[in-house]
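A.B. asks: take this sequence and fold it.
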Amino acid sequence: MAGATVKLTGGGPGSDQEAVSDSDGRFAFAHVAAGPIHLTIMSAGFAAREFTATLHAAENFTVPAMTLAVATVVTEVHVSPPTFEIAEEQIREQEKQRALGFIPNFYVTYIPNAAPLAPRQKFGLAWKTMIDPVTFGLTGAVAGVQQAQNDFSGYGQGAAGYAKRYGAAYADAAIGTVIGGAILPSLLKQDPRYFYKGTGTVKSRFLYAIANAVICKGDNGKWQANYSGLLGSLAAGGISNLYYPASDRDLGLTFQNFAIGIGASAAANVLQEFLIKKLTPNLPDRDPGNGGNKAHSLVGRAFNSLVHESD
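C.D. replies: Numbering: from 1, shown residues only. Model prediction:
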């Protein structure tokens, strides 16, 4: 074989040599000291061959003909499910999460490095939250509190007034969920979920929960400003001016409620970090991880609905 590399070791201190075989596969070493010698023959694509012998003084030693075997190629193949399928399985686990056994807690993941959601999955999670029976029930409770306090007085009282308040409260939650939890996260490639931390000091977890009111994980796994949640909340507030009584339509109030909403999101995150997990059965049997959004949980959304009232 031409071009094979032959390394000689032994034959005295400092006598290591290297040669390349010629077109006939031959090679030679000169001035080799007597004693044990070791040859290593290598060529790309072939298994290395070794040869050991003892060279005597004044001896011309001829190495027997040797054949190099083709190297064994080991191919290692790693097979893993597509990201979409992993996310589907994780979503199925999230949909079992209900605080106190009945309140939806879908927008929180306790899985470390949860797989990013595809746009279809983000819209699916928003839809399931909106049509959950508990969502309708809590919306009714919010509308009842508003009616008792005569919030949005332009709606009046009685069944008609309650129906208008109910519709407005549900629209607030639905619009915020669809825009902030599905449309914008899909366009901006952001994850609308709150990623439970669960480790570290109380202070670090508290600050993490507060910070997640304005930051989130992107679909690339990196932390970034939560444009989806913030713009979604602001858009929902602006759209609400289309159906709230004229006396309660105020651009300044929209921004005021937007700021209050950030605070409500932070409060909901703190509850998620320190309390809601303890009240939520059927959690994934995995360690807590890091990452995403928050106030789209039903608890946080109900809190936000209560603060959307006129001065």
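A.B. asks: which stretches of the stretch 101-250 of the chain form strands?
C.D. replies: Shown for the stretch 101-250 of the chain, the strands assigned by DSSP state E, counting those that start in this stretch span residues 103-104, 108-109, 194-195, 215-217, 223-225.
A.B. asks: to residue 283, which of those lies closest?
C.D. replies: strand 108-109 (9.7 Å; C-beta to C-beta). The way it works is simple: take the backbone N, C-alpha and C, and place the C-beta from them, glycine included.
A.B. asks: packing partners of the closest one?
C.D. replies: helix 83-94, strand 194-195 (3 or more C-beta pairs under 8 Å, 6 or more residues apart in numbering; DSSP states H and E).
A.B. asks: distance from the chain centre to it, please.
C.D. replies: 11 Å (C-alpha atoms, centre = their mean, to the nearest Å).
A.B. asks: listing partners with orientation, what would you give for that strand?
C.D. replies: strand 194-195 (parallel) (DSSP bridges).
A.B. asks: quick check: mean pLDDT of the strand it pairs with?
C.D. replies: Across strand 194-195, the average pLDDT comes to 94.
A.B. asks: winner for burial among the helices and strands packed on strand 108-109?
C.D. replies: Of all the helices and strands packed on strand 108-109, strand 194-195 carries the top mean neighbour count, a mean of 28, counting by mean count of other C-beta atoms under 10 Å.
A.B. asks: what would the strands of the stretch 101-250 of the chain look like in CSV with distance to residue 56?
C.D. replies: Shown next, in CSV, are the strands of the stretch 101-250 of the chain (distance: least, C-beta to C-beta, whole Å):
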stretch, distance to residue 56
strand 103-104, 88
strand 108-109, 75
strand 194-195, 74
strand 215-217, 73
strand 223-225, 72
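A.B. asks: which stretch among those strands comes nearest residue 154?
C.D. replies: Of the strands of the stretch 101-250 of the chain, nearest to residue 154 by C-beta to C-beta is strand 103-104, at 30.9 Å.
A.B. asks: helices and strands around the closest one, which ones?
C.D. replies: Applying 3+ C-beta pairs under 8 Å, 6+ apart, one finds that strand 103-104 makes contact with helix 133-148, helix 298-307.
A.B. asks: between the ones you listed, which gets the lowest average pLDDT?
C.D. replies: Minimum mean pLDDT among those: helix 298-307, a mean of 40.
A.B. asks: let me see the domain layout of this structure.
C.D. replies: 1-79, 83-307 (automatic domain parsing).
A.B. asks: and residue 202, how many neighbours?
C.D. replies: The tally of other residues near residue 202 (other C-beta atoms under 10 Å) stands at 9.
A.B. asks: start at 491 instead
C.D. replies: Sure, I'll start numbering at 491, so the last one becomes residue 692.
A.B. asks: show me what contacts the residue lying closest to residue 630 once chain neighbours are set aside?
C.D. replies: In this structure, residue 630 finds its nearest non-sequential neighbour in residue 656, 6.2 Å apart by C-beta to C-beta, 6 or more residues apart in numbering. Shown in contact with residue 656 (C-beta atoms under 8 Å, 6 or more residues apart in numbering): 629, 630, 633.
A.B. asks: need the buried ones from these selected in ChimeraX.
C.D. replies: A single ChimeraX command selects the buried members of those (16 or more other C-beta atoms under 10 Å):
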select :629,633
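A.B. asks: dump the contacts of residue 656 to JSON lines, plus distance to residue 496.
C.D. replies: Output for the contacts of residue 656, formatted as JSON lines (distance: C-beta to C-beta, whole Å):
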{"residue": "629", "distance to residue 496": "83"}
{"residue": "630", "distance to residue 496": "87"}
{"residue": "633", "distance to residue 496": "89"}
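A.B. asks: out of the contacts of residue 656, which is nearest to residue 517?
C.D. replies: Nearest member of the contacts of residue 656 to residue 517, counting by C-beta to C-beta, is residue 629, at 86.9 Å.
A.B. asks: contacting residues around residue 736?
C.D. replies: residue 644 are the contacts of residue 736 under C-beta under 8 Å, 6+ apart.
A.B. asks: before we move on, what about residue 591?
C.D. replies: Residue 591 makes contact with residue 771 under the criterion C-beta under 8 Å, 6+ apart.
A.B. asks: low-confidence ranges, the protein, go.
C.D. replies: 501-504, 570, 743, 774-801 (pLDDT under 70).
A.B. asks: same thing but at 80, please
C.D. replies: 500-505, 562-571, 602, 739-744, 746-747, 750, 772-801 (pLDDT under 80).
A.B. asks: select the longest helix from it.
C.D. replies: Counting by DSSP state H, the longest helix found in the chain is helix 741-764.
A.B. asks: how distant is that helix from the center of its chain?
C.D. replies: Worked out by C-alpha atoms, centre = their mean, helix 741-764 lies 24 Å from the chain centre.
A.B. asks: kindly export it (C-alpha atoms) in PDB.
C.D. replies: Provided in PDB are the C-alpha atoms of helix 741-764 (Å, rounded to 0.1, in the frame of the first residue of the first chain):
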ATOM      1  CA  LEU A 741     -57.400  56.100  27.000                       C
ATOM      2  CA  GLY A 742     -55.800  57.100  30.300                       C
ATOM      3  CA  LEU A 743     -57.700  54.400  32.100                       C
ATOM      4  CA  THR A 744     -56.600  51.800  29.600                       C
ATOM      5  CA  PHE A 745     -52.900  52.600  30.400                       C
ATOM      6  CA  GLN A 746     -53.800  52.700  34.100                       C
ATOM      7  CA  ASN A 747     -55.400  49.300  33.900                       C
ATOM      8  CA  PHE A 748     -52.400  48.100  31.800                       C
ATOM      9  CA  ALA A 749     -50.000  49.000  34.700                       C
ATOM     10  CA  ILE A 750     -52.300  47.400  37.200                       C
ATOM     11  CA  GLY A 751     -52.400  44.300  35.000                       C
ATOM     12  CA  ILE A 752     -48.600  44.000  35.200                       C
ATOM     13  CA  GLY A 753     -48.800  44.200  39.000                       C
ATOM     14  CA  ALA A 754     -51.600  41.600  38.900                       C
ATOM     15  CA  SER A 755     -49.400  39.300  36.700                       C
ATOM     16  CA  ALA A 756     -46.600  39.600  39.200                       C
ATOM     17  CA  ALA A 757     -48.900  38.800  42.100                       C
ATOM     18  CA  ALA A 758     -50.300  35.800  40.200                       C
ATOM     19  CA  ASN A 759     -46.700  34.600  39.500                       C
ATOM     20  CA  VAL A 760     -45.800  34.800  43.200                       C
ATOM     21  CA  LEU A 761     -48.900  32.600  43.900                       C
ATOM     22  CA  GLN A 762     -47.800  30.200  41.300                       C
ATOM     23  CA  GLU A 763     -44.300  30.000  42.600                       C
ATOM     24  CA  PHE A 764     -45.200  29.500  46.300                       C
END
